[in-house]
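Enquirer: Give me coordinates for this.
(3 chains)
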Amino acid sequence: MSAELFSVFYQFADVFAFLILSAAGLAIVFGMMGVINMAHGEFIMCGAYVTVGLVNLGVPLPIAQILAALTAGIIGMIVELLIVRRFYKRPLDSLLATWGLSLIVTQSMLLIVGSAVRGIGTPEGSFAIGGYTFSTYRLVLFGAAVAVLVGLYIIFMKTRFGVIARATMQNAAMAKALGARTGRIYSISFGIGTALAGLCGALYAPTMTLIPTMGATFVVESFVTVVIGGANVLLGTAPAAVFLAMIRMALNASYGQIIGQIGMLFAVILIIRVLPEGLSSVLVRRGR
Amino acid sequence: MLKLLEGPQTLGRGRIFWSCFLAVLAGALIYPLFADSYDVGNFAYFLIWIFMALGLCLMWGYGGMLSFGQTFFFGIAGYGYGVLAINMGGGTATIAALVLSVVVAMIAAGILGYFMIWGGISGIFFGIVTLSATLVLAFFLGQTAGPEWHIGPARLNGFNGMKGMDPLTVGSFDIEGSALYYLMIALIVIVYIALRMLVNSSIGNVIVATRENPQRAEMLGYDVRKYQLLTFVIGSGLAGLSGALYTSWGQFITPSSIGLPAAAMPIVWVAFSGRNDLTATLVGSFLLLFGFQTITVYSQQAALVLMGVLLLATVMLAPQGFVLGIGKLVVDWWSRRRRRDEGTALADTGRLQSDET
Amino acid sequence: MALVEVKGVSKRFGGLTAVSEVDLTVNAGEVHCLIGPNGAGKSTLFKLIVGLYPPTTGSIFFDSTDITAERPYARVQRGMSIKMQAPSVFKELPVRQNIQVALQERLSGAECAAEEERLLALLNLAEDSGKLAGALSHGQQQWLEIGMALALQPQLLLLDEPTAGMSPEETYKTGELIKSFNAQGMTVLVVEHDMAFVRQVAQRVTVLHLGKIFARGSLEAILEDEKVAEIYLGKTHAH
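Expert: Numbers count the residues shown, from 1 in each chain, chains lettered A, B, ... in the order given. Okay, here's the model as predicted:
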């Protein structure tokens, strides 16, 4: 019995981790600046490629993954400085600009690197409970997703940066008037967002084939999680991921991945009809 | 009725504009007499995509709804045409397959649009929900390689795509080559004129008013959701028309014409051209398609990189679109020259520059 | 005869009660002014009447029909029309087209064109009819929006601070315009701060204070009410 229960938890954890890791970066950028970063998938791809590159050079996997996330974060801050910064007052234009960027990056990568790069293989290690065998790395991913949520909680609720960032999110003009350097806050937030995208790519790099278009695998999940979660990462994205993971898990188990994804999309479309402002609006309202 | 051809919503009016229009149309009509059949077929191929661009122009430029789902409806009608043409057995039935597949795309647009518009989704979220639906459709079709995925005798065939449907046929006459080309020209003229009349009509008034300020439009007694849904269904239906014609043209369709990067293409055409004007979109999209096709021969990736650069450049340098910007410059220059001819003084060089930005 | 009846309506935003247990009757054919200090809940009450907010409790009747659950456009089709507090015109559309959108449901063809010209002249906007509405001055945008509200020929015209940003002469002209429409049978409900304007147009006055009805009556009675003067009029008597 407990083996079955653990198996259900394991499947849930797997989908939940995928949703949180792919959406967290997108949600932070959206929550802070109201910008949807259409190049989100390319930052994920960047994280994956850097990880694999470093591992092939002999760097241990965990260190490669951290370096990959940092790389994506730094590139993100450069992109923010050069492009995204101009469009904070025109959110739709920022969507188009980052989409243009996404096209440029994916297709250039295809031109330069070619279609497939040799992967590094999922870290071995599995354990058995009851008659079932489970991959340890999948649990590591779940741990990483939880760690990301805890980390974000600490950054945004317990640090000085977090206080100023939340103030900026509430009312940018007022925060600026009170002396917050909103430009720098935005730059750092964008960097955190893309670093999390990079981390997502880094963590999943060992589990999948590396192709320049791999970002597309993650964007649907990240989009729908943010659509359902609304603008608040902690109060929105996490519950949205729990909710979507349950739907997905149930459908995956009986009908397979693709029906799971279709079912998730249908659920999202039904929910936006009922809760146009996303789950976080309900939670925030309750909280008052 | 004819009065609706011109109005505040569309650039281009008067004898000069319509003379140019007729001259271009005449050129297009005699083109097959001079070109070889391969080029005519290629030309017809560019024209296929124009409907999709005009549909997006209507939704985005006039209705203020940025749909990233043009290839979703393109795919539904494209596959729809294939399934119907194969199941109904070709011949004249292909005409019915064309019409029905576009209707199916419009019904799909009606359902998706209902949930989004009645759910109050707008702006950025409208884009990402439509894109999510598009990508999921592409993933789904990519997974249908197995023989169990079929509708009647029509195999979906996963990434390799569906094939084996007849092209558009009347009796025993296949509409291919120049015949298809003339059909495209006729359809484009009809759609272009019809859309001009729509946006300059009283319905068009409400559509643009809703774009500007939905609340104010509602306070004038309009159920703006119905107008938005209408706009979305027409715009997406035009994407469907492109899709059905595409399948008929090449007698095959794959999921790659739905997913990324295909989904970004209509956005690039319309943004670059100038989303606020049908004529600019028509001209600009054609130019881009022509350029894209020319470069694709050498490297598809390079062509796509260029599309990305153009999108980025448009947003950064000319958010209203390059073709529309140039069009406005020409109109401005023309009216200045006329005024100068009439002897009225004017020399505010500032205006030209301000139109540019 | 009551045209609008607001019965026991409250509106809460989270912890804030903007409007509390308000009863308000607007009779057909009158010019009714809603006054009160800032934050009294006047604009919220307006938005409840036109349906931009659903009330937390209570119900709203128009012409004896319960319209509490109706969407704004349906209420407008019943014969309401509103000019909002901040001018909200269609900024990227020409002035003439703004008027057209408001007129086209009621009139068409030559009639519509004639009414368009009449309204544009009435609003002093004939010369600027080709300009984009966003390029008009604040005062002109106010006029344009009043014009759009009038174009519907409503039974009930709701005006939220119609004279904000207008000069005294423009304010006076607006007052006369409202009176002329009232003389033709239009019922008008106005939120206004300018007491000179209220004196010019009001037949009945309701005073709102802290979300509640504070006083109501004829213009004269309200002007003489000392409690009202204390909370509100005291400050404005000065000018």
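Enquirer: Please count neighbours and contacts with C-alpha atoms only from this point.
Expert: OK.
Enquirer: Tell me, how many residues neighbour the residue in the stretch 101-250 of chain B that chain C sits nearest to?
Expert: Using Cα to the nearest Cα, the closest approach of the stretch 101-250 of chain B to chain C is made by B:Gly221 at 4.2 Å. By the criterion of other Cα atoms under 10 Å in any protein chain shown, B:Gly221 has 22 neighbours.
Enquirer: any idea how far the closest residue to chain C within the stretch 101-250 of chain A lies from B:Ile121?
Expert: Residue nearest to chain C within the stretch 101-250 of chain A (Cα to the nearest Cα): A:Gln170, separated by 16.6 Å. When distance is defined by Cα to Cα, to the nearest Å, A:Gln170 is 22 Å away from B:Ile121.
Enquirer: Neighbour count for those two, which is higher?
Expert: B:Ile121 (20 against 13).
Enquirer: In three-state terms, label the more buried one for me.
Expert: Counting by DSSP: H, G, I helix; E, B strand; the rest coil, the backbone at B:Ile121 sits in coil.
Enquirer: On the pLDDT front, check residue 106 for me.
Expert: If you meant another chain, say so; for now it's chain A. A:Thr106 is assigned a predicted lDDT (pLDDT) of 94.
Enquirer: hm, I was asking about chain C
Expert: Value for C:Arg106, per-residue pLDDT: 86.
Enquirer: so it touches C:Leu152, yeah?
Expert: Yes: between C:Arg106 and C:Leu152 there is a contact at 7.2 Å, judged by Cα atoms under 8 Å.
Enquirer: of the two, who's got more company?
Expert: Remark: of C:Arg106 and C:Leu152, C:Leu152 carries more neighbours, 25 against 11, as counted by other Cα under 10 Å.
Enquirer: check contacts around the more buried one.
Expert: Counting by Cα atoms under 8 Å, 6 or more residues apart in numbering or on different chains, C:Leu152 touches B:220, C:81, C:102-103, C:106.
Enquirer: I'd like these written out as TSV, with distance to B:Ala154 added.
Expert: Shown next, in TSV, are those (distance: Cα to Cα, whole Å):
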residue	distance to B:Ala154
B:Leu220	50
C:Ser81	56
C:Ala102	51
C:Leu103	53
C:Arg106	52
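Enquirer: Need the three-state assignment for C:Cys33.
Expert: Relying on three-state DSSP, one would call C:Cys33 strand.
Enquirer: if we look at the lengthiest helix in chain C, which residues are touching it?
Expert: Longest helix in chain C by number of residues (criterion: DSSP state H): helix C:168-183. The contact list for helix C:168-183 (Cα under 8 Å, 6+ apart) reads C:29-31, C:162-163, C:188, C:197, C:200-201.
Enquirer: helices or strands next to the following helix or strand past that helix in the packing?
Expert: Once the chain leaves helix C:168-183, the next helix or strand it forms, by DSSP states H and E, is strand C:187-191. Taking 3 or more Cα pairs under 8 Å, 6 or more residues apart in numbering or on different chains; DSSP states H and E as contact, the helices and strands that strand C:187-191 lies on are strand C:31-35, strand C:156-160.
Enquirer: strands paired with the last one, and their directions?
Expert: Note on strand C:156-160: by DSSP bridges, its sheet partners are strand C:80-83 (parallel), strand C:187-191 (parallel).
Enquirer: do stretch A:81-100 and chain B meet at all?
Expert: Yes: on the criterion Cα under 8 Å from any Cα of the partner chain, stretch A:81-100 is in touch with chain B at A:91-93, A:95-100.
Enquirer: Tell me, how many residues neighbour B:Leu2?
Expert: B:Leu2 has 7 neighbours, counted by other Cα under 10 Å.
Enquirer: cool, and the one 10 residues further on?
Expert: Counted with other Cα under 10 Å, the burial measure for B:Gly12 works out to 21 neighbours.
Enquirer: do the same with B:Ile30
Expert: Per other Cα under 10 Å, the neighbour tally for B:Ile30 reads 10.
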